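Q: Structure for the following, please:
(one chain, ligands or ions: 2)
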Amino acid sequence: MSKKILTIQDISCYGNCSTTVALPILARFGIETAILPSAILSTHTGGFKDFTFLDLTDEMPKIIDHWWHEGIKFDAIYTGYIGNPKQFNIILDAKEKLLKEDGLFIVDPAMADHGKLYTGFDEFTIIGMKDLVSVADYILPNISEACFLTGNTYEEVQDDDYINRLLADLYQLGAKNIILTSVADDYDSLGVISYDGITKTTIMKELIDKSYHGTGDIFSSLVVAGILNGKPIKENLDFATDFVMDAIDITLDDPDHDYSTKYEEILKRNIK
Ligand SMILES: Nc1ncnc2c1ncn2[C@@H]1O[C@H](COP(=O)(O)OP(=O)(O)O)[C@@H](O)[C@H]1O
Ligand SMILES: Cc1ncc(COP(=O)(O)O)c(C=O)c1O
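A: Ligands and ions are numbered 1, 2, ... in the order given. Presented below is the predicted three-dimensional model:
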C-alpha cells in the first residue's frame with residue numbers, strides 16, 4: 001500500500017530546495033506528500049541578497065488542528081528548515097496528533113553548513129533541533145549540524161575517532177538511526193555514514209569540487225523515500241549519493257544555474 005508523509009519545512013519559492021524538491025521527489029517514488037510550510041521565502045538564504053521571509057508560526061497550529069479533527073494520519077513526518085524556534089513545540093504537537101502509532105519521525109536538522117549556522121539561526125534553533133532529534137527515528141545531519149547538536153568542534157576532514165565520537169554523541173541524544181552527511185576522510189572524498197547503534201554503513205565517493213544549495217534536501221528526500229519504500233540502507237545511500245552527484249555533474253557547465261542543481265533532469269530518468 002502506498003505511504004502518506006507530511007513534510008514540515010520552508011517553501012523557498014525560487015531556488016530548488018526544501019519543499020519544492022521534497023514534493024516532486026517523494027511523489028516520484030509513489031509517496032503521497034502533504035506539506036506544512038514553516039515559512040515562505042522568495043529564495044533560499046544562500047547566495048541571494050534581500051530575500052523576503054514570511055513566518056508561518058501562527059498558521060501552523062491551525063492547519064495541524066484542522067487535520068487532527070479530520071482524523072488525518074501519516075506514516076511518516078519529515079522535518080527540515082524551521083522558520084522560527086517557536087515552531088519546535090508545534091512540530092512535537094503535530095507528531096502527537098498526526099503521526100500513526102508505528103509511524104516514522106524523520107528529522108533533517110537543516111541549520112548549518114561549513115561550520116556555520118545559516119543566516120538568522122541562533123542557540124534557540126540548536127536547542128529546539130535537539131528536542132526533535134531526541135524523539136527521532138532517523139536524523140540526517142551534516143557534520144556541521146552534528147557538531148552544533150553535540151557540542152563538538154567542526155572539522156572539515158575527519159578521522160575515524162572523530163566520526164565515531166559524533167555518531168555516539170548523536171545516538172546519546174536519542175536518535176535511533178543516524179545518517180551523517182558531508183563526511184570527508186580526505187580532501188578528495190565526500191560521502192555518508194549511517195549508524196543504528198550497532199551497525200555502521202559507509203558510502204564514500206570522489207568529491208566533485210563544487211557545492212550547490214539544495215543538494216542536502218535532494219539527498220534527504222531521496223533517502224526518506226527509500227526508507228518508506230523499504231530499500232536496504234546501503235542501496236538507499238548509494239543511490240541517493242549517485243543521484244546528487246549526477247545532478248551536480250549536469251549543472252557544472254551552466255554558469256546561469258549557480259543557485260542549485262538541475263536535478264529534474266536526473267529525476268526524469270527511468271529510475272526504480
Ligand atoms: N560536491 C559533491 N561531490 C560529491 N558528493 C556530493 C557533493 N555534494 C553533495 N554530495 C553528496 O550528497 C550528500 C549530501 O549533500 P550535502 O550538500 O553535503 O548535504 P548537507 O546539506 O547535509 O550538507 C553528501 O554527503 C555527499 O555524499
Ligand atoms: C530557506 C532554506 N531552506 C533550506 C535550505 C537547505 O539547503 P541544503 O539542501 O543546501 O541544506 C537552505 C539553504 O540554503 C535554505 O536557505
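
Q: and residue 126, that one's in a strand?
A: No - counting by DSSP: H, G, I helix; E, B strand; the rest coil, residue 126 is not part of a strand but helix.

Q: Isn't it up against residue 111?
A: Yes - counting by C-beta atoms under 8 Å, residue 126 sits close enough to residue 111 to count as a contact (7.2 Å). Where you see a C-beta, it was placed from the backbone N, CA and C, and this is true even at glycine.

Q: what sits in contact with each of those two?
A: 117, 148 (C-beta atoms under 8 Å, 6 or more residues apart in numbering).

Q: The two: who's more crowded?
A: residue 111 (24 against 18; other C-beta atoms under 10 Å).

Q: ranges for the strands of this protein?
A: With DSSP state E, the ranges of strands along the chain come out as 4-14, 32-43, 53-55, 74-79, 99-107, 112-113, 116-117, 138-139, 177-183, 189-195, 200-206.

Q: Out of those strands, which is closest to residue 219?
A: strand 177-183 (6.4 Å; C-beta to C-beta).

Q: interface residues of the stretch 1-150 of the chain facing ligand 2?
A: Contact residues (C-beta under 6 Å from any ligand atom) of the stretch 1-150 of the chain with ligand 2: 10, 12, 17, 18, 41, 44, 45, 46, 81, 110, 118.

Q: Which residue does the chain have closest to ligand 1?
A: residue 216 (1.9 Å; C-beta to the nearest ligand atom).

Q: For this protein, which residues score under the pLDDT cut-off?
A: Along the chain, segments meeting pLDDT under 70 span 272.

Q: now do 80
A: 1, 270-272 (pLDDT under 80).

Q: any chance you could map the helices in it?
A: 19-28, 60-70, 87-98, 123-134, 143-150, 160-173, 215-228, 233-251, 264-267 (DSSP state H).

Q: Just name the most buried of those.
A: helix 215-228 (a mean of 25; mean count of other C-beta atoms under 10 Å).

Q: List the contacts of that one.
A: Contacts for helix 215-228 (C-beta under 8 Å, 6+ apart): 3, 5, 9, 17-18, 21-22, 25-26, 28-29, 31, 75-76, 78, 80, 104, 106, 108, 110, 113, 138, 140, 142, 179, 181, 192, 235-237, 239-241, 243-244, 247-248, 261, 263.

Q: how about 7 Å then?
A: 3, 5, 17-18, 21-22, 25-26, 29, 31, 75-76, 78, 80, 104, 106, 108, 110, 138, 140, 142, 179, 181, 236-237, 239-240, 243-244, 247-248, 261, 263 (C-beta atoms under 7 Å, 6 or more residues apart in numbering).

Q: Can you select the buried ones from the residues of the stretch 1-150 of the chain next to ligand 2 in PyMOL?
A: To isolate the buried ones among those in PyMOL, judged by 16 or more other C-beta atoms under 10 Å, type:
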select buried, resi 10+12+17+18+41+44+45+46+81+110
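
Q: Check the gap between the residue of the chain most remote from its centre and ligand 2 for me.
A: In the chain, counting by C-alpha atoms, centre = their mean, residue 69 sits farthest out from the average C-alpha position, at 28.5 Å. Separation of residue 69 from ligand 2 (C-beta to the nearest ligand atom, to the nearest Å): 30 Å.

Q: Now for residue 186, how many residues are close by?
A: 11.

Q: nearest spatial neighbour of it, skipping sequence neighbours?
A: residue 157 (6.1 Å; C-beta to C-beta, 6 or more residues apart in numbering).
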